[in-house]
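Asks: give me a 3D structure for the following:
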Amino acid sequence: MRFFEFKKFQSDAQKKAHIIRKFEKMREDDPTLDKAYMLIAGGGVTTDDNSPVAQRIKGYLEGSKDPDVTAEVMAWCIKTIPTLGDTNQVNEFVNKLQAGMDYVDVKELCPSTGMTDIAPLESVVDEGIPKELFRKMQSMKFGKSDAGPGEAALAILSTKITYASDADVDEQGGDISIDGVGKVEVKGNQGRLGPWTTIDKSLTKSLAAWNAYKEVKAAAGENMPKGLSVQKLSQAVPEDFPKEEILQAIIDDYKIASFAGNLEIGNPEFRREWNKVCFNAYQADAGFKGLLLIGQTHYTYAVKAEQLIDSVRLSPAQVIYKGNQLRENMPQLFIR
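Replies: Okay, here's the model as predicted:
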């Protein structure tokens with residue numbers, strides 16, 4: 001509209017009449033019509049925090065009481081969801097969400113036999129607004145939350161995923177409970193594989209055995225590291241290294257006698273076997289069905305140690321080392 005045309009309409013009645021004439025000339029499939037309808041007559045489908053649809057979204061998210069759905073995530077969803085479709089699509093999505101519609105294929109997310117590789121997170125989300133919402137959330141970074149945007153998106157879009165209470169975790173293990181799956185341990189990228197509750201946090205026997213050997217070597221003028229990493233234990237060791245004594249001390253401190261049958265200090269396979277031990281001991285102690293590792297764009301689900309080890313990278317952990325926290329001794333998970 002030119003400036004002189006704009007000035008012609010001084011009164012509200014004139015403006016209204018002009019708008020009506022413009023709309024009457026539009027094609028029925030003109031996208032401007034739906035935008036205008038969303039703004040003035042679409043049941044409150046706007047990005048206004050106080051609109052009816054925004055209030056329905058807010059009510060649903062608050063009602064979920066999900067720790068991954070922070071205030072920042074909630075505000076972003078209220079602003080974003082109304083922009084993901086036309087009036088009818090947005091209203092239908094929110095109404096179904098409130099009615100308990102599930103938009104995540106939990107059987108694909110957590111198959112009973114586990115997974116042997118990683119997969120795109122968006123592959124488990126329904127087409128349309130759910131997938132568009134998921135894609136947009138994946139590109140976001142929400143504050144300092146430990147949970148990735150993928151975790152928050154899954155929590156919003158699935159009613160079959162509920163967070164376990166402390167009592168449930170103590171009794172049966174797992175961060176979440178999924179209908180048809182059971183208890184599942186959830187880890188974000190760079191999460192730790194453990195620790196389990198039975199470990200001697202002081203690593204009394206391991207440190208004693210290692211320190212005794214260090215003293216002998218120090219007397220001979222040799223400098224020794226403060227601790228022993230899984231990498232060092234996977235390499236050839238000197239003939240005077242007390243392999244059996246130190247291995248037994250590790251087994252005793254970590255309480256892994258049931259899982260340590262293939263551990264052998266000085267064997268190149270020690271690192272792989274140690275990672276298997278950590279998974280198996282952690283699973284047995286926590287009682288989870290499987291471990292769900294969620295990255296920014298991909299995920300994997302493991303019910304067996306080999307599945308996790310073969311599909312993601314595990315950082316070499318310290319085995320005999322007393323740091324500030326025992327979790328520092330656990331392998332760290334990195335999804336490719």
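Asks: and the gap between residue 116 and residue 245?
Replies: Per CB to CB, to the nearest Å, residue 116 is found 38 Å from residue 245. All C-beta atoms are positioned from the backbone trio N, CA, C, and that covers glycine.
Asks: residue 261 too?
Replies: According to CB to CB, residue 261 stands 18 Å off from residue 245.
Asks: kindly report the same for residue 113.
Replies: Applying CB to CB, the value for residue 113 to residue 245 is 40 Å.
Asks: with residue 201 instead?
Replies: 21 Å.
Asks: return the distance of residue 86 relative to residue 128.
Replies: In this view, residue 86 and residue 128 are 12 Å apart by CB to CB.
Asks: is it true that residue 289 touches residue 303?
Replies: Yes. Taking CB atoms under 8 Å as the definition, residue 289 is a contact partner of residue 303 at 6.5 Å.
Asks: what's the next secondary structure element after the helix-or-strand element of the chain with minimal mean pLDDT?
Replies: Lowest on mean pLDDT, DSSP states H and E among the helices and strands of the chain sits helix 166-172, with a mean of 42. Following helix 166-172 in sequence order, the next helix or strand is strand 176-178 (DSSP states H and E).
Asks: and that following strand, what does it pack against?
Replies: Using 3 or more CB pairs under 8 Å, 6 or more residues apart in numbering; DSSP states H and E as the contact definition, the elements that strand 176-178 packs against are strand 161-163, strand 182-188.
Asks: the following helix or strand past the last one - contacts with which helices or strands?
Replies: Think strand 182-188. Sequence-wise, the next helix or strand downstream of strand 182-188 (DSSP H and E) is helix 204-219. Applying 3+ CB pairs under 8 Å, 6+ apart, we find helix 204-219 packed against helix 243-254, strand 318-320.
Asks: helix 204-219 to helix 243-254, inter-axis angle?
Replies: Counting by axes from the mean of the first three to the mean of the last three CA atoms, to 10 degrees, helix 204-219 lies at 140 degrees to helix 243-254.
Asks: if we can go back for a sec, including distance to residue 12, mean pLDDT and mean neighbour count, could the helices and strands packed on strand 176-178 go into CSV?
Replies: Shown next, in CSV, are these (distance: least, CB to CB, whole Å; pLDDT from 0 to 100; neighbours: other CB atoms under 10 Å):
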stretch, distance to residue 12, mean pLDDT, mean neighbour count
strand 161-163, 50, 75, 20
strand 182-188, 54, 88, 20
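Asks: rebuild the ones you listed as CSV, extending it with distance to residue 293.
Replies: Converted to CSV, those look like this (distance: least, CB to CB, whole Å):
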stretch, distance to residue 293
strand 161-163, 15
strand 182-188, 5
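Asks: residue 101: which of those strands is closest?
Replies: Residue 101 sits nearest to strand 161-163 of all these, at 13.5 Å, using CB to CB.
Asks: tell me, how many residues neighbour residue 141?
Replies: Applying other CB atoms under 10 Å, we find 10 residues neighbouring residue 141.
Asks: sec struct for it, please.
Replies: Secondary structure, DSSP: H, G, I helix; E, B strand; the rest coil: residue 141 is coil.
Asks: residues contacting the residue lying closest to residue 191 once chain neighbours are set aside?
Replies: Distances taken as CB to CB, 6 or more residues apart in numbering place residue 333 nearest to residue 191, at 5.2 Å, with adjacent residues excluded. Taking CB atoms under 8 Å, 6 or more residues apart in numbering, we find residue 333 in contact with 187, 189, 190, 191, 192, 193, 293, 308, 312, 313, 314, 315.
Asks: was I right about residue 72 contacting residue 142?
Replies: Yes. Residue 72 lies in contact with residue 142 (CB under 8 Å); the separation is 5.0 Å.
Asks: outline the domain layout of this structure.
Replies: Taking automatic domain parsing as the reference, the chain has its domains at 3-40, 204-334.
Asks: out of those domains, which is the most enclosed?
Replies: Comparing the domains of the chain by mean neighbour count (mean count of other CB atoms under 10 Å), domain 204-334 ranks first with a mean of 18.
Asks: from start to finish, how long is it in a straight line?
Replies: Taking CA to CA, to the nearest Å, domain 204-334 runs 30 Å from one end to the other.
Asks: now do it, average pLDDT.
Replies: Here domain 204-334 scores 94 as its mean pLDDT.
Asks: quick check, residue 199 in contact with residue 255.
Replies: Yes. In this structure, residue 199 is within contact of residue 255 by CB under 8 Å, at 6.2 Å.
Asks: just put the helices and strands packed on helix 204-219 in CSV and tack on distance to residue 158.
Replies: As requested, these are exported to CSV (distance: least, CB to CB, whole Å):
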stretch, distance to residue 158
helix 243-254, 35
strand 318-320, 37
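Asks: mind checking the ones you listed for the one nearest to residue 24?
Replies: strand 318-320 (74.5 Å).
Asks: strand partners (parallel or antiparallel) of that closest one?
Replies: Strand pairing for strand 318-320, using DSSP bridges, gives strand 228-229 (antiparallel).
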